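S.K.: have a look; sequence and predicted model below, questions after that.
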Amino acid sequence: MKDDGAKLGFRLTLPAQVLVLFISVFPLLMQLYISLTDWSPLAGTSWTQAWAMWNTFANYIDLIYDHRLWSALGRTALVIGVCVPVEFLLGLGLATLFMDDFPGKRAAYSILIMPMMVVPAVAGYMFFMLFQSGGPINDILSNLIGHPITVAWLSDPNLALLAVMVADIWQWTPLMFLILLAGLAGVPEDQIRAATLLGAGPVQRFVTIVLPRMKTIIGIALAIRVIECFKIFDTLFIMTGGGPGVATETISVYIYKIATQDLIWGYVAAIALAILIVLSIACVWALKRMART
Amino acid sequence: MTRALAFEVLRYLILVTAIAVALVPILWMASMAFKPIPEWQATGAALTWIPKAPTLDNFRYIFGTNSNELIATLDRTAVKPILASFLAAGLGTVIAMTAGTSAAYGLSRFGSGSNLPLALVQLRLFPPMAVMTPVMIMWAFLNFTDTWWGLALVYGIVTLPFAFWLMKTFFDDMPKEIEEAALVEGCSRARVFWRITLPMMRAPLASAALFVFILNWSDYLIALLLTTREWVTIPVYMASLSSSMTGQLYGAKAALGLIAAVPPVVLGVLIQKHLVRGLTFGALKQ
């Protein structure tokens, strides 16, 4: 009976295993091989012949001195550093408003999570329109300030990144809200009531009872957003294409550009592998830390 | 008492602001979709918030009926990109759900494939851009480039982690008594899975499938890399819409954007109670 189960279990997991191997092992080996060469799709030879352009570690040395790569990484870190905390605080603030019942709660909830359901590329297009110099955002600002404003948000190198971050915050604050609200709902109500009876104010209750119980959930929410934010591409690429110049070029946009415009795939493979290695180390480190606590 | 009242007032003020912020970008696009060309952009005069002369021309235009001489008729209509989006996202969902559901059951009941949970989370960790060049080479070799099935295969793998984790938590939650009773009656384990478990899990399966479909439907980057002309999906097609006469085809793009936005928003409402579970890899249930 036991063997019967193991056999069926193996068969059932086989398709997923094959797909995972298919997308990880083969491409990884291919990346490793190409990253040690100068191969490009324009080389005129198949990638299997890439050894003819062997350059050992030249690509890896190049990436150490690649200023555009480092500034793209720095920009990505800046986007993460601004967007994730803002989304977290806004999401947490909104979630606390939903802790008790009030008329219209369900409708408000459904509307507030709408932005994250919008296709990211479409959201990018929405904000592309909103941030036009003759667009609604300037119109609203003009009305608020009292004199006409015609800022060209997306073609100003200093403002374009801000516009991109606004779009990201608009789209993903609902995700934080959704996760944190689910976390808040899991805090036992009798404990809060007991604390109230003992004379704890709302702020004290929140800090001493609610927050400690939400540690794991907050960790999950932040981790998800940091990972997704690191990959940021769709909205940003539709809004600015990484421009003006390289003003909004994040790591995904940079790799996209050198892969599709410069077509130096040996170098692309080197960057990709370097990122995969760093992320894997970070991932193992984070999991070890989580296991310890 | 007055403090409680002040709190209620403050809460509604914040909520109204938040709802306005959430809705304005969506409503602006919706409004743009029904505007005739002269209202697309503010030309000296004030901005048009609500279309003064609402029209369906933008929708007709992307489907090939052009009633305006200011813009050239499209050589390719939105019909095929919409079809491509449906086919690729649909088959991708079938692949992810088939592999994900069976693997989740194998792990949940028989402990097989214990490497999968971590491997699949890792799959999710890496930026797709970093692993796409080898896939592009392989797809060119297999003649999968610019086909909806080639795109669907990548979608199926990319969303497999979500299908697997969602179904795993559903199987873990399911009471095992019924399955055990059937086993005692002499059913084989495979038959129990096929005839008893799966039919019982119809609702969770549907939710997980809708969730995965939304994710596939939302893709832009992968389609941008793997399709070039014949099977471009809605977002790729949309980004290519422009006219030499008027520049950005604001209204036409907005109409298309509205069409692209409708399925996820509608399906999202249907699976609202499973959203958190799906998005946190089952770590959190609502």
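M.R.: Thanks, I have the structure now.
S.K.: how about low-confidence regions in the stretch 1-150 of chain B?
M.R.: Residue ranges of the stretch 1-150 of chain B with pLDDT under 70: B:1, B:42-45, B:69.
S.K.: where along chain B do the strands fall?
M.R.: Using DSSP state E, the strands of chain B run over residues B:242-243, B:247-248.
S.K.: least reliable of those strands by average pLDDT, please.
M.R.: Between the strands of chain B, the one with the least mean pLDDT is strand B:242-243; it has a mean of 66.
S.K.: any low-confidence regions in chain A?
M.R.: The model of chain A has pLDDT under 70 over residues A:1-3, A:293.
S.K.: straight-line length of stretch B:142-155, end to end?
M.R.: Start-to-end span of stretch B:142-155 (Cα to Cα, to the nearest Å) is 17 Å.
S.K.: try stretch B:185-197
M.R.: 15 Å.
S.K.: and it, is it in reach of chain A?
M.R.: Yes: using Cβ under 8 Å from any Cβ of the partner chain, stretch B:185-197 reaches chain A at B:188-190, B:193. Any C-beta I mention is one placed from the backbone N, CA and C, and that applies to glycine too.
S.K.: show the buried residues in these.
M.R.: Buried members of the residues of stretch B:185-197 next to chain A, scored by 16 or more other Cβ atoms under 10 Å in any protein chain shown, are B:189, B:193.
S.K.: quick check: closest non-adjacent residue to the most centrally placed residue in chain B.
M.R.: Central residue of chain B (Cα atoms, centre = their mean): B:Ile214, 2.4 Å from the mean position. Distances taken as Cβ to Cβ, 6 or more residues apart in numbering or on different chains place B:Pro264 nearest to B:Ile214, at 4.6 Å, with adjacent residues excluded.
S.K.: so that neighbour makes contact with B:Trp217?
M.R.: Yes: using Cβ atoms under 8 Å, B:Pro264 is in contact with B:Trp217, at 6.0 Å.
S.K.: between the two, what contacts are shared?
M.R.: By Cβ atoms under 8 Å, 6 or more residues apart in numbering or on different chains, B:Pro264 and B:Trp217 have these common neighbours: A:Val119.
S.K.: sorry, back to before: can you tell me how far the residue nearest to B:Ile214 is from A:Ser46?
M.R.: 40 Å (Cβ to Cβ, to the nearest Å).
S.K.: ok, those two, which is more surrounded?
M.R.: Set B:Pro264 next to A:Ser46 and count neighbours by other Cβ atoms under 10 Å in any protein chain shown: B:Pro264 wins out with 21 against 12.
S.K.: how many other residues sit next to the nearest residue in space to A:Ile227 that is not next to it in sequence?
M.R.: In space, and not counting its chain neighbours, A:Ile227 is closest to B:Leu125: 5.9 Å by Cβ to Cβ, 6+ apart. Neighbours of B:Leu125 under the rule other Cβ under 10 Å: 17.
S.K.: for the residue of the stretch 151-293 of chain A found nearest chain B, which non-adjacent residue is spatially closest?
M.R.: Of the residues in the stretch 151-293 of chain A, the one nearest chain B is A:Ala272, at a distance of 3.8 Å by Cβ to the nearest Cβ. Nearest non-adjacent residue to A:Ala272, counting by Cβ to Cβ, 6+ apart: B:Ala130, 3.8 Å away.
S.K.: show me what contacts the one you found?
M.R.: For B:Ala130, the contact set (Cβ under 8 Å, 6+ apart) comprises A:255, A:271-272, A:275-276.
S.K.: neighbours around A:Pro41, how many?
M.R.: Look at A:Pro41: counted by other Cβ under 10 Å, it has 16 neighbours.
S.K.: contacts only, for the closest residue to it other than its chain neighbours.
M.R.: Nearest residue to A:Pro41, sequence neighbours excluded (Cβ to Cβ, 6+ apart): A:Leu263, at 5.7 Å. Counting by Cβ under 8 Å, 6+ apart, A:Leu263 touches A:40-42.
S.K.: rerun that using 10 Å as the cut-off
M.R.: By Cβ atoms under 10 Å, 6 or more residues apart in numbering or on different chains, A:Leu263 lies in contact with A:40-43.
S.K.: now swap in A:Gly104 and tell me
M.R.: When contacts are counted by Cβ under 10 Å, 6+ apart, A:Gly104 touches A:111, B:12, B:15, B:19.
S.K.: can you rerun that using 7 Å?
M.R.: For A:Gly104, the contact set (Cβ atoms under 7 Å, 6 or more residues apart in numbering or on different chains) is empty.
S.K.: ditto for A:Ser46
M.R.: Applying Cβ under 7 Å, 6+ apart to A:Ser46 gives no contacts.
S.K.: I'd like to know how far it sits from A:Ala52.
M.R.: Using Cβ to Cβ, A:Ser46 is found at 11 Å from A:Ala52.
S.K.: gap between A:Phe177 and A:Asp38?
M.R.: Per Cβ to Cβ, A:Phe177 is found 48 Å from A:Asp38.
S.K.: between these two, tell me which one has more neighbours.
M.R.: Shown here are A:Phe177 and A:Asp38; by other Cβ under 10 Å, A:Phe177 has more neighbours (26 against 17).
S.K.: residues near B:Ala6, how many?
M.R.: The local packing of B:Ala6 (other Cβ under 10 Å) involves 10 other residues.
S.K.: get me the contact residues on the stretch 101-250 of chain B for chain A.
M.R.: By Cβ under 7 Å from any Cβ of the partner chain, the residues of the stretch 101-250 of chain B that approach chain A are B:102-103, B:105-107, B:109-113, B:116, B:119-120, B:122-123, B:125-131, B:133-135, B:137, B:157, B:160, B:164, B:189-190, B:217-218, B:220-221, B:235, B:238-239, B:250.
S.K.: returning to that earlier point: including neighbour count, could the contacts of B:Ala130 go into a markdown table?
M.R.: Shown next, in a markdown table, are the contacts of B:Ala130 (neighbours: other Cβ atoms under 10 Å in any protein chain shown):
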| residue | neighbour count |
| --- | --- |
| A:Ile255 | 23 |
| A:Ile271 | 26 |
| A:Ala272 | 26 |
| A:Ile275 | 21 |
| A:Leu276 | 19 |
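S.K.: re earlier: quick one, what contacts the residue nearest to B:Ile214?
M.R.: A:117, A:119, B:214, B:217-218.
S.K.: between those, which sits nearest B:Pro51?
M.R.: Minimum distance to B:Pro51 across these is 22.9 Å, recorded for A:Val119 (Cβ to Cβ).
S.K.: for burial, what's the neighbour tally of that closest one?
M.R.: A:Val119 sits with 25 neighbouring residues when counted by other Cβ under 10 Å.
S.K.: repeat that for A:Leu32.
M.R.: Using other Cβ under 10 Å, A:Leu32 is surrounded by 13 other residues.
S.K.: distance of it from B:Leu205?
M.R.: Note on A:Leu32: its distance to B:Leu205, by Cβ to Cβ, is 39 Å.
S.K.: got a list of what the one residue in the stretch 51-200 of chain A that gets nearest to chain B touches?
M.R.: When distances are taken as Cβ to the nearest Cβ, the stretch 51-200 of chain A reaches nearest to chain B at A:Ala121, 3.6 Å away. Residues near A:Ala121 by Cβ under 7 Å, 6+ apart: A:234, A:238, B:220, B:235.
S.K.: does it count as helix, strand or coil?
M.R.: helix (DSSP: H, G, I helix; E, B strand; the rest coil).
S.K.: quick check, B:Phe63 in contact with B:Val79.
M.R.: Yes: the criterion here is Cβ atoms under 7 Å, and B:Phe63 meets it with B:Val79 at 6.5 Å.
S.K.: residues contacting A:Phe177?
M.R.: A:Phe177 touches A:91, A:94-95, A:112, counting by Cβ under 7 Å, 6+ apart.
S.K.: list, one by one, the residues from the stretch 151-293 of chain A near chain B.
M.R.: Proximity of the stretch 151-293 of chain A to chain B, by Cβ under 7 Å from any Cβ, involves residues A:170, A:175, A:178-179, A:182-183, A:217, A:220, A:224, A:227, A:230-231, A:233-234, A:238, A:251-252, A:255-256, A:259, A:265, A:268-269, A:272, A:275-276, A:279, A:283.
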